[in-house]
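A.B. asks: any chance you can model this:
(one chain, ligands or ions: 1)
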Amino acid sequence: MKIFISSDMEGTAGVVDWDQCRPGRHDYEYYRDLLQAEVNAAIEGALEAGGGEHEFLVNDSHGRMANLRPAQLAGGASYLSGRHKPMYMMQGLDSSFDAVFFVSYHGSMTGAPATLSHTYNPAAIAEVRLGGRVAGESGINSLVATGLGVPVVLVTGDQTTAAELEAFWPEAKQAVVKRSVSRFAAESLHPDRACALIRAAARDAVSSLARVGGGRPPSRGLGAHVEMSVRMRNPDLAEMATWLERVEPDEQDPTVVHLADTDRIRLYRTFVTLVMLTRGIAE
Ligand SMILES: [Zn+2]
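C.D. replies: Next up, the predicted model:
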């Protein structure tokens, strides 16, 4: 089995502050070790499920996207790191993979309570909806997974992150390693317990996948024609977003734009380009 892991950092048990997940800040080295342990717990859980050889690709999707120590990755995992990836948090996934894990994910900008909540860029994007339903990064990134026919089978993070993915992938296993209290507070499991929970959820996810014979359950709420609406933080940002093809202004709300496409991968790429384009005036 080939497993693709997209790893963020805000969803790690214990992490509640931007300084804990920004390189150079005094706490970062400690918290990156906790993240590494959670990523490894997901890999080890998948290995425990058995079912033959497993191959892993970890796509580092947080900040400058180089938070893990390659030699310390479990399972002989390959590591995709570094910035400026056209497929961003889903770079490296192709249809040869059997499953996707979202590790250390966080809630959407409007999700509450959700520690360190944001949707790609908190300075530019206020809310994203897919088919009318609020989507965090997990929902948006699911466009790529469903576009390639690879199921998302595991998510780890807080309770809001788990609920947001459930709207799109009700069958996915969840490891809720912390309970967000507010945007900057959470009650976290002890890191050892968090890792044990992730290991068990990953094992379950991979064994149930093996039981259905590698079947590809369809994700809910992402029909053939996908409608994405993005509420920007202000009308200037929304106007800039409409410079892109297939991005249309809302008729009533000057802060909202609509993206619609029958090709989910292209829709995701349009969204990523919107994120990169609006970064110029949002920061
Ligand atoms: Zn992040």
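A.B. asks: what helix or strand is the closest residue to the ion within the chain on?
C.D. replies: For the chain, the residue closest to the ion is residue 62, as judged by C-beta to the ion, at 3.7 Å. Backbone N, C-alpha and C define where each C-beta goes, glycine included. In this structure, residue 62 sits in neither a helix nor a strand according to DSSP states H and E.
A.B. asks: identify the residue nearest residue 104 in space, chain neighbours excluded?
C.D. replies: Spatial nearest neighbour of residue 104, excluding adjacent residues (C-beta to C-beta, 6 or more residues apart in numbering): residue 11 at 4.0 Å.
A.B. asks: what number of residues lie near residue 126?
C.D. replies: 18 (other C-beta atoms under 10 Å).
A.B. asks: that one belongs to a strand, doesn't it?
C.D. replies: Yes: according to DSSP: H, G, I helix; E, B strand; the rest coil, the state of residue 126 is that of a strand.
A.B. asks: who touches it in this structure?
C.D. replies: Residue 126 makes contact with 109-110, 231-233, 255, according to C-beta atoms under 8 Å, 6 or more residues apart in numbering.
A.B. asks: run through the stretch 101-250 of the chain and note the low-pLDDT ranges.
C.D. replies: For the stretch 101-250 of the chain, the stretches flagged by pLDDT under 70 are 212-225.
A.B. asks: break down it into its helices, ranges please.
C.D. replies: With DSSP state H, counting those that start in this stretch as the criterion, the stretch 101-250 of the chain has helices at 137-148, 159-166, 191-211, 235-241.
A.B. asks: select, out of those helices, the one closest to residue 259.
C.D. replies: helix 235-241 (8.7 Å; C-beta to C-beta).
A.B. asks: picking up where we left off before, so the nearest residue to the residue of the chain closest to the ion once chain neighbours are set aside versus residue 159, what's the distance?
C.D. replies: Nearest in space to residue 62, with sequence neighbours left out and distances taken as C-beta to C-beta, 6+ apart, is residue 9 at 4.0 Å. Separation of residue 9 from residue 159 (C-beta to C-beta, to the nearest Å): 18 Å.
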